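[1] What follows is a predicted structure for the sequence shown.
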Amino acid sequence: MAELENSDQIMPKVIAFLSSLLQRVSESNDLNRPLETQTISVFHGLTRPTISIQSYLERIFKYAHCSPSCFIVAYVYLDRFVQRQPLLPINSFNVHRLLITSVLISAKFMDDMYYNNAYYAKVGGISTKEMNLLEVELLFGLGFHLNVTPTTFHTYSSFLQTHIFLRSPPLQLLVSSSSSSAVDIIGRTQKLHCCFNEEDDSHQKQLAV
């Protein structure tokens, strides 16, 4: 994954893909999971932000100056979050706060140098107090499962790279686990598109449109 790791020029393509994916997931959950049926969390805003997901990601990319790996790891964290928190699907009311928080945590975990919470709060358009709260909430939501193995990183980054260079539309990539099948998961809620059991070395993949 040298291209994603070593070239800042490829990052706008990654951001464009992620924003397109998150836009699709958010819109689907807005339609299929009305807000009144969801558990409201600290990530939910009172109204939908006026800034688009892509513009928000581009803003984070421009001002956070974190390594390219952080965006891949933040993507992994979001995926883990939706798997662990099925009652908190990503939608247009929470996606921006989830993004800024996941990038903040990934930068702290991945980079030797990173900006503090007050700086990320300014980048994200929220208060420092809220940024601190969101960080704690996401950490607990992830069960403090922050480590990303080389295999997991490669799986997510390779998936992104493939679709970036093929210019394919985002697809839902779901992997069956011992407790539920991909069909069952799709039936319950729209998931981020690269959900799999990280403990399963085979990483058997099932594609679902």
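    Looks like it came in fine. Numbers count the residues shown, from 1 in each chain.
[2] a strand runs through Phe17, doesn't it?
    No: Phe17: not assigned to a strand; according to DSSP: H, G, I helix; E, B strand; the rest coil it is helix.
[3] got any ranges where the chain has weak pLDDT?
    Residue ranges of the chain with pLDDT under 70: 1-12, 33-39, 160-209.
[4] if we go to 90?
    Residue ranges of the chain with pLDDT under 90: 1-50, 62, 64-72, 75, 82, 84-89, 91-93, 109-115, 153-209.
[5] any idea where the strands of it begin and end?
    Ranges of strands in the chain, per DSSP state E, are 172-174, 194-195, 206-208.
[6] could you measure Thr101 against Val136, distance?
    Thr101 sits 10 Å away from Val136, going by CB to CB, to the nearest Å. Quick note: C-beta positions are derived from backbone N, CA and C, even for glycine.
[7] the more surrounded of these two?
    Counting neighbours by other CB atoms under 10 Å for Thr101 and for Val136 shows that Thr101 has the greater number, 30 against 12.
[8] How about the contacts made by the more buried one?
    By CB atoms under 8 Å, 6 or more residues apart in numbering, the contact set of Thr101 is Phe43, Met131, Leu134, Glu135, Glu137, Leu138.
[9] If you rank those by neighbours, which is first?
    Taking other CB under 10 Å as the neighbour criterion, Leu134 ranks highest of those with 26 neighbours.
[10] Which residue, other than its chain neighbours, is closest to it?
    The spatially closest residue to Leu134, leaving aside those adjacent along the chain, is Thr101, at 4.4 Å (CB to CB, 6 or more residues apart in numbering).
[11] Quickly note the distance from that neighbour to Met110.
    From Thr101 over to Met110 the distance is 15 Å, taken as CB to CB.
[12] now do Lys129
    25 Å.
[13] Counting neighbours, go ahead and name the busier of these two.
    For Lys129 versus Met110, neighbours defined as other CB under 10 Å are more numerous around Met110 (20 against 11).
[14] hang on, Glu135 packs against Asn116?
    No: taking contacts as CB atoms under 8 Å, Glu135 lies outside contact range of Asn116: 11.0 Å.
[15] what do the two both touch?
    Common neighbours of Glu135 and Asn116, counting by CB under 8 Å, 6+ apart, are absent.
[16] where's Thr155 relative to Phe61, distance?
    From Thr155 across to Phe61, the span is 22 Å (CB to CB).
[17] circling back: adding distance to His96 as columns, could you present the contacts of Thr101 in TSV?
    Conversion of the contacts of Thr101 to TSV gives the following (distance: CB to CB, whole Å):
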residue	distance to His96
Phe43	9
Met131	12
Leu134	11
Glu135	15
Glu137	14
Leu138	13
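[18] Fine, thanks again, bye for now.
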